[in-house]
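Novice: Predicted model and sequence follow; I will ask about them next.
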Amino acid sequence: MNYSLLSPHLHQIAESANRIIKTRYSLTTDGVVEESITADIPVRFTLHWKTKTHYIACEVSDRPFPRSIKQTFADIVASNYPIRIIIAYPKDTGLNSKDYQDDINQCKKFGIGYLSIDNTGIGQIEYKGISLPLYIPYPSDFKKFNAKIKSNVQDCYDHYLLKGDPDVGLQQLGQIVERLIYTTGEQAKKAGQFTFSNFNPPEYISQGALINAMINENVLDNGILGRCKDFAKDRNSTSHKAKSITEARKIETKLKDNFITGLKILEDLPISILNKAYRVKM
Amino acid sequence: MDKNSVLKNIPVDQIKPNPVNPRFVFRQEEMDSLLVSIKKNGIQVPISVYKDGNNYVLIDGERRWRTCLKLNFEEIPAIIQKKPTDLENLLMMFNIHALREQWDLFTIANKLTDIIKLLVDRNGYYPTESQINEETGLTRSTIRRCKVIIDLPDKYKGIVLEELKKPKAKQKLTEDFFIEMETSLKRVRNTIPELLLLNSIDKTRDTLIKKYQTGIIKNVLDFRKIAKLTTAPKKFDYPKSQAIKALTRIFSDNNEGIDDIFNSTVSNLYMDRKLLSNFTSVLSHIEALDDDEKDDEQIVAALKEIRRAIDNFLKG
């Protein structure tokens, strides 16, 4: 493959990255070299592939978090293209351990995958990153969440961004909301403030039915319960697989919006629970 | 910009690199710095191109153009000039780049031969160093250093080129290394020709490269000590046979570095010489003092201190 922008000492890394990414994502063609994906994406990646639903881009660099990506990241995210970036770099980066770790942390916090390649051309994708329309900034702390759920919320973030599994992160977020609703219903039932006969803990009840019943009996503020109901409904709309790039773009935008909605609910729901003199229980 | 030049935005995809651009290594760290600047401030200085059919050929601004490509710009501001002759093209790039952008020496040396050939064609005679200096803007010392690189056998030019592709921090066999090594070997060849006839010169180069790569030779400046060893018989009546023996040890595949061998042979002679030279210099300064300086308290105090030290030394 011919590279005109890539520094010559990285050509071999690019060749290896091409092979490794093709194998990992079952791609049948070599990556397109240093071409524009679209005018909206302000960088020509070293390699890119267009699949049925996504773009996979590989930027080859001396280090895990190159300046070419740092500088253009915000614009790439704003373009809202379903694009997954993987940085390929030589195993021996020459960086000191602190700078190296900083780069790795940056990659994870920006949802950018990375792949280190040794001098025999062998390497593996150590972090797969996320499709960038899904990107949300990782919070500096989780103080705004009730102490009882703080670590669970952090876990969701970790899955969403740091482990590169946004759908798992969203699913876990949904489970926290479900659990809070359920335990509040349980407390209300014990206190005689909730009489819905089909709710008999620890038996299963659909979340929709439980929320409707709680709304009818004003167990919690109806505004927040309504948001919880919509959130559960919307989550289902993101669970099917995209068939095209346009569809993937819509689904991913929705998934991100749902995650943000879920986070907001998890900020407000515990306050509403405490306002009604119940405890926040998981 | 001459009066026929035009400034306008042109599509980046219609621009081609200049085939005679001597610069063919663009290091990532330098390109990254430019990328940050262009992303933040845009292109502040237009590139220069000439029209060639439907495309444009770069005269000045290849790094800016490459950065614009990387940033996926559609257009770039450019000054469109008339198509230059081959010599004008090369000279223009030398004058624009060599002075402003600190090209790698290898990059300059690589095209200097072409420039000299084109100057010979134009003028009908071989240009002097000062003529090359006038045409290219290169200093005479740079021209001389380039000539050392030009004269390197292809095998070693290849090594320099491969090295230049690496980030600066990882480069070891740099142009400076070869210039220092070649200068010292040239001195040996001119002064004790029989020594480098015995060993093949390439074998000597390979040994020195190996010694430098493995840290036996610690510093490129150590090569200057080879020149000192070579000229020691002439300067100090140092036995030539001893100098040859020492140089042979340096040029042999062993664990002896230049510094160690120099220190155990002629180092003291050079130190004594330097000392004498310093004393001579002090003496000439003292003799040149005028009446005003004789009244200067600080100077008088310093001289008394020197006299005291000399008296003590001579008494002992």
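Specialist: Here it is on my side, so go on.
Novice: got the buried residues for the helix or strand bottoming out on mean pLDDT in chain A?
Specialist: When the helices and strands of chain A are scored by mean pLDDT, DSSP states H and E, helix A:222-237 comes last with a mean of 87. Residues A:224-225, A:227-229, A:231-232, A:234-235 are the ones in helix A:222-237 that count as buried (16 or more other Cβ atoms under 10 Å in any protein chain shown). (C-beta placed from N, C-alpha, C; glycine too.)
Novice: how about those residues in JSON lines, adding distance to residue A:148?
Specialist: Putting the buried residues of helix A:222-237 into JSON lines (distance: Cβ to Cβ, whole Å) gives the following:
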{"residue": "A:224", "distance to residue A:148": "17"}
{"residue": "A:225", "distance to residue A:148": "19"}
{"residue": "A:227", "distance to residue A:148": "20"}
{"residue": "A:228", "distance to residue A:148": "17"}
{"residue": "A:229", "distance to residue A:148": "22"}
{"residue": "A:231", "distance to residue A:148": "19"}
{"residue": "A:232", "distance to residue A:148": "21"}
{"residue": "A:234", "distance to residue A:148": "25"}
{"residue": "A:235", "distance to residue A:148": "22"}
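Novice: Tell me how far the residue nearest to residue B:306 when sequence neighbours are not counted lies from residue B:275.
Specialist: Closest residue to residue B:306 apart from its sequence neighbours, by Cβ to Cβ, 6 or more residues apart in numbering or on different chains: residue B:282 at 7.5 Å. From residue B:282 across to residue B:275, the span is 11 Å (Cβ to Cβ, to the nearest Å).
Novice: ditto for residue A:129
Specialist: In terms of Cβ to Cβ, residue A:129 sits 66 Å off from residue B:275.
Novice: element containing the residue nearest to residue B:34 when sequence neighbours are not counted, please.
Specialist: Using Cβ to Cβ, 6+ apart and skipping the chain neighbours, the partner closest in space to residue B:34 is residue B:67 (5.0 Å). If you go by DSSP states H and E, residue B:67 is part of helix B:62-70.
Novice: In terms of secondary structure, what does that helix contact?
Specialist: Packing contacts for helix B:62-70, counted by 3 or more Cβ pairs under 8 Å, 6 or more residues apart in numbering or on different chains; DSSP states H and E, involve helix B:28-41, strand B:75-81.
Novice: Going by mean pLDDT, which of the ones you listed comes out lowest?
Specialist: The weakest mean pLDDT among the helices and strands packed on helix B:62-70 belongs to helix B:28-41, with a mean of 86.
Novice: Kindly calculate the angle that it makes with strand B:75-81.
Specialist: 100 degrees (axes from the mean of the first three to the mean of the last three Cα atoms, to 10 degrees).
Novice: Can you pull the phi/psi pair for residue B:171?
Specialist: phi -80, psi 130 (degrees, to the nearest 10).
Novice: mind showing which ranges of the stretch 1-150 of chain B have poor pLDDT?
Specialist: Along the stretch 1-150 of chain B, the parts satisfying pLDDT under 70 run over B:1-3, B:22-25, B:97-102.
Novice: Flag every residue of chain B that's near chain A.
Specialist: B:17, B:25-29, B:31-33, B:35-36, B:39, B:66, B:69-72, B:74, B:165-167, B:169-170 (Cβ under 8 Å from any Cβ of the partner chain).
Novice: now the helix or strand harbouring residue B:206, how far from the chain's geometric center?
Specialist: Using DSSP H and E, residue B:206 sits within helix B:201-213. Centre-to-centre, helix B:201-213 and its host chain are 20 Å apart (Cα atoms, centre = their mean, to the nearest Å).
Novice: so after that helix, what's the next helix or strand?
Specialist: By DSSP H and E, the next helix or strand past helix B:201-213 is helix B:223-236.
Novice: With adjacent residues omitted, what lies nearest to residue A:174?
Specialist: Closest to residue A:174 by Cβ to Cβ, 6+ apart is residue A:235, at 5.3 Å.
Novice: what's the one you found in contact with, if anything?
Specialist: The contact partners of residue A:235, by Cβ atoms under 8 Å, 6 or more residues apart in numbering or on different chains, come to A:170-171, A:174, A:258.
Novice: What ranges does the stretch 1-150 of chain B have for its helices?
Specialist: B:28-41, B:62-70, B:86-93, B:99-100, B:105-123, B:129-136, B:140-150 (DSSP state H, counting those that start in this stretch).
Novice: Check those helices for me and report the most buried one.
Specialist: Neighbour counts (mean count of other Cβ atoms under 10 Å in any protein chain shown) averaged over each of the helices of the stretch 1-150 of chain B peak at helix B:62-70, with a mean of 22.
Novice: Next, count neighbours for residue B:94.
Specialist: 21 (other Cβ atoms under 10 Å in any protein chain shown).
Novice: Could you pull up the residues touching the closest residue to it other than its chain neighbours?
Specialist: Of all residues not flanking residue B:94 in the chain, residue B:136 sits nearest, at 4.3 Å (Cβ to Cβ, 6+ apart). Residue B:136 sits next to B:91, B:94-95, B:98, B:112, B:115, B:143 when contact means Cβ under 8 Å, 6+ apart.
Novice: Check residue B:266 too.
Specialist: Contacts of residue B:266 by Cβ under 8 Å, 6+ apart are B:228-229, B:232, B:236, B:238, B:243, B:246.
Novice: Would you check how far apart the residue nearest to it when sequence neighbours are not counted and chain A are?
Specialist: Excluding the flanking residues, the one nearest residue B:266 by Cβ to Cβ, 6+ apart is residue B:232, at 4.3 Å. The span separating residue B:232 from chain A equals 41 Å under the rule Cβ to the nearest Cβ, to the nearest Å.
Novice: So what's the residue count around residue B:232?
Specialist: Neighbour number of residue B:232 under other Cβ under 10 Å is 23.
Novice: Spit out the contact partners of it.
Specialist: Going by Cβ under 8 Å, 6+ apart, residue B:232 touches B:238, B:243, B:265-266, B:269-270.
Novice: before we move on, what about residue A:79?
Specialist: A:38, A:40-42.
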